[in-house]
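A.B. asks: here is a sequence together with a model predicted from it:
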Amino acid sequence: MILTRRTALAALACSAAIGLSAPGALAQAPEKADVTLGVGGKPLLYYLPLTVAERKGFFKEEGLNVTINDFGGGAKSLQALVGGSVDVVTGAYEHTIRMQAKGQDIRAVVELGRFPGIVLAVRKDLADKVKSAADFKGLKIGVTAPGSSTALTAQYAMIKAGLKATDAPIIGVGGGASAVAQMKNKQVDVISHLDPVISKLEADGDITALIDTRTEAGTKALFGGANPAAVLYLKAEFAEKNPVTTQKLVNAFMKSLKWLAKAKPEDVADLVPAEYHLGDKPLYLRSVQNSLESYSRTGISTPEAMKSMYESLKVLDPEIAKTDIDLSKTFIETFAKKAGSGS
């Protein structure tokens with residue numbers, strides 16, 4: 001019998017599920033206790049489950065020493081994974097589809113966000129002229145990083161509005177305070193970004209929101225359905241070689257999701273580093289309140305949501321439009337199922 005990569009992945013997931021349910025199996029040592037994780041804009045609420053896992057000590061509870069590298073944008077985190085400088089990434093689910101289309105076996109193992117949480121907004125002084133994405137032509141659009149989910153969402157909105165993805169320059173403004181400063185200094189005209197950056201700019205009267213995917217309704221209005229947002233993704237071969245390590249990483253993130261499901265905004269604000277508040281803790285509390293709905297409840301993306309994302313990418317990218325990707329290859333759900341069962 002020839003053992004294909006797909007068969008091997010199924011086998012490792014099954015064996016992990018069986019082995020980790022045995023008495024004392026949770027005490028199994030990880031194959032790789034020191035893990036390097038990439039992220040693109042760690043202070044953003046999009047990645048809050050990561051900060052929760054770090055600050056609550058969930059990684060250490062699982063016997064892992066996780067070093068977090070913040071690259072300022074999702075596309076840079078992906079490059080780091082492909083290049084081998086990080087082991088795993090908390091990033092947008094859509095990157096798994098894009099990499100499968102390129103023949104690179106990168107897969108998600110736990111869903112962290114079920115709505116993108118991205119807001120497209122125009123500078124207040126341009127709001128009388130810019131009413132929708134159809135008016136973005138020639139405007140400078142600020143995103144976390146070119147190629148990131150914030151950039152792709154802006155380009156998708158333009159295409160849906162009848163423009164080309166290249167009709168407006170995409171400018172990386174990073175996350176946190178740098179993004180706020182570049183909008184305030186009028187270095188960009190439109191911003192496609194996340195909380196707390198968006199809430200800060202809204203509260204200061206700097207922007208007018210045009211598209212808001214922080215809620216289920218806003219997500220469906222743009223994409224026509226639910227869209228998986230942040231996930232933990234990795235090279236399939238990492239999961240093959242390190243099934244216990246992978247399970248422990250997923251366990252830690254599932255603990256974060258369960259904590260967030262019960263947490264109050266005040267709990268979150270007290271947990272995260274003070275600089276995450278952008279100098280305005282009451283505003284941060286409102287941002288958290290607005291975002292709590294967006295975090296995954298199960299850790300697993302639904303087939304319908306994954307298909308919605310795939311269809312969106314087909315609209316955006318002619319090369320992906322030519323593909324016929326088996327979406328089951330983009331997500332190994334067994335780890336999240338095991339972690340969710342608590343066994």
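C.D. replies: Received the coordinates, thanks. Numbers count the residues shown, from 1 in each chain.
A.B. asks: now do the strands in the protein.
C.D. replies: For the chain, the strands defined by DSSP state E occupy 34-39, 65-70, 88-92, 106-111, 119-123, 141-143, 170-172, 190-193, 207-212, 230-235.
A.B. asks: find the nearest non-adjacent residue to Gly40, please.
C.D. replies: Gly74 (3.9 Å; CB to CB, 6 or more residues apart in numbering). (Each C-beta comes from the backbone N, C-alpha and C, glycine too.)
A.B. asks: hmm, the one you found is touching Pro146, no?
C.D. replies: No - using CB atoms under 8 Å, Gly74 is not in contact with Pro146; the gap is 10.2 Å.
A.B. asks: out of the two, which sits in the more crowded spot?
C.D. replies: Between Gly74 and Pro146, counted using other CB atoms under 10 Å, the more crowded position is Gly74 (30 against 16).
A.B. asks: which residues does the more buried one contact?
C.D. replies: Gly40, Gly41, Gly91, Ala92, His95, Thr144, Ala145, Gly147, Ser148, Ser149, Thr150 (CB atoms under 8 Å, 6 or more residues apart in numbering).
A.B. asks: so the first one makes contact with Asp70?
C.D. replies: I take that to be Gly40. Yes - assessed by CB under 8 Å, Gly40 is found in contact with Asp70 at 7.4 Å.
A.B. asks: and the residue nearest the centre of this structure?
C.D. replies: Closest to where the C-alpha atoms of the chain average out (CA atoms, centre = their mean) is Ala230, at 2.1 Å.
A.B. asks: helices and strands around the longest helix along the chain, which ones?
C.D. replies: In the chain, with assignment by DSSP state H, the single longest helix is helix 243-262. Packing partners of helix 243-262 (3 or more CB pairs under 8 Å, 6 or more residues apart in numbering; DSSP states H and E): helix 5-19, helix 48-55, helix 58-61, strand 106-111, strand 230-235, helix 334-341.
A.B. asks: what angle sits between it and helix 334-341?
C.D. replies: Counting by axes from the mean of the first three to the mean of the last three CA atoms, to 10 degrees, helix 243-262 lies at 50 degrees to helix 334-341.
A.B. asks: distance from helix 243-262 to the middle of the chain?
C.D. replies: What separates the centre of helix 243-262 from the centre of its chain is 15 Å, taken as CA atoms, centre = their mean, to the nearest Å.
A.B. asks: before we move on, what about stretch 321-335?
C.D. replies: For stretch 321-335 - counting by CA atoms, centre = their mean - the centre lies 17 Å from the chain centre.
A.B. asks: ends of that stretch, how far apart?
C.D. replies: Stretch 321-335 has its terminal residues 30 Å apart, counting by CA to CA, to the nearest Å.
A.B. asks: what residues sit buried inside that stretch?
C.D. replies: Ile325, Leu327, Lys329, Thr330, Phe331, Ile332, Glu333, Thr334, Phe335 (16 or more other CB atoms under 10 Å).
A.B. asks: hang on, the first one packs against Ile97?
C.D. replies: Translated: Ile325. Yes - with contact defined as CB under 8 Å, Ile325 and Ile97 form a contacting pair (6.2 Å).
A.B. asks: who touches both of those two?
C.D. replies: Tyr310.
A.B. asks: thought Asn242 was touching Lys32?
C.D. replies: Yes - here Asn242 reaches Lys32: they are 5.0 Å apart, a contact under CB under 8 Å.
A.B. asks: okay then, goodbye and thanks.
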